[in-house]
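J.: Attaching a predicted model along with its sequence, questions to come.
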Amino acid sequence: MFHTKQCNDEEFSNVELLRSDISIATKLHTQLCRSQNKELNSSLPAVKESEKKSSHIMTECVKFRNAAQIWWEQPAQTLVPWVTEDNLNLSQYLDQFASHAATLKKMQLVS
């Protein structure tokens, strides 16, 4: 035989308040999840683009390092402007490097 306890008005009110609080918390959780998913989906393309750019920059850095190493090993690198690597002579490479370095500094100041 089951014994059931009668709830008084105060206990019933507390249960209803608890149910209401749980409902509100569930709705807030659902809204938060939607908001986070929306934010993630909107920022993901920018993250992918930044990753692509950084990969390109790293590739260019390696190419520059290799080119600089080739020129460094040549004692008369500034006296032979017709000698090129990737269609650039030493002066052009240094100008390009300075331009890229300035761009990176600007990007760091913006972020």
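T.: On my side now, so go ahead. Bear in mind the structure is a predicted one, so any value in this text is a computation, not a measurement. Numbers count the residues shown, from 1 in each chain.

J.: Next SSE downstream of the helix or strand containing residue 46?
T.: Element membership of residue 46 [criterion: DSSP states H and E] is helix 9-72. Remark: after helix 9-72, the chain's next helix or strand is helix 90-110, criterion DSSP H and E.

J.: packing partners for that next one?
T.: Contacts defined by 3 or more CB pairs under 8 Å, 6 or more residues apart in numbering; DSSP states H and E place helix 90-110 against helix 9-72. (Glycine included, C-beta is placed from N, CA and C.)

J.: okay, now residue 48: neighbour count?
T.: Applying other CB atoms under 10 Å, we find 10 residues neighbouring residue 48.

J.: and what of residue 99?
T.: Neighbour tally, residue 99, other CB under 10 Å: 10.

J.: what's the answer for residue 64, then?
T.: The number of residues packed near residue 64 is 18, by other CB under 10 Å.

J.: likewise residue 90?
T.: 21.

J.: Now for the closest residue to residue 93 other than its chain neighbours: which residues touch it?
T.: Distances taken as CB to CB, 6 or more residues apart in numbering place residue 67 nearest to residue 93, at 5.9 Å, with adjacent residues excluded. Residue 67 sits next to 85, 86, 88, 93 when contact means CB atoms under 8 Å, 6 or more residues apart in numbering.

J.: Please produce CSV containing those residues, extended by neighbour count and distance to residue 33.
T.: Shown next, in CSV, are those (neighbours: other CB atoms under 10 Å; distance: CB to CB, whole Å):
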residue, neighbour count, distance to residue 33
85, 16, 53
86, 11, 49
88, 14, 52
93, 18, 51
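
J.: what's the farthest-apart pair in those residues?
T.: For the contacts of residue 67, with distances taken as CB to CB, the pair at the greatest spread is 86 and 93 (8.0 Å).

J.: buried residues in stretch 86-103?
T.: Burial within stretch 86-103, assessed by neighbour count using 16 or more other CB atoms under 10 Å, is assigned to 89, 90, 93.

J.: show me where pLDDT drops low in this protein?
T.: Scanning the chain for pLDDT under 70 picks out 1-12, 71-75, 77, 109-111.

J.: So which residue is smack in the middle of it?
T.: With distances taken as CA atoms, centre = their mean, residue 47 lies nearest the centre of the chain, 4.2 Å away.
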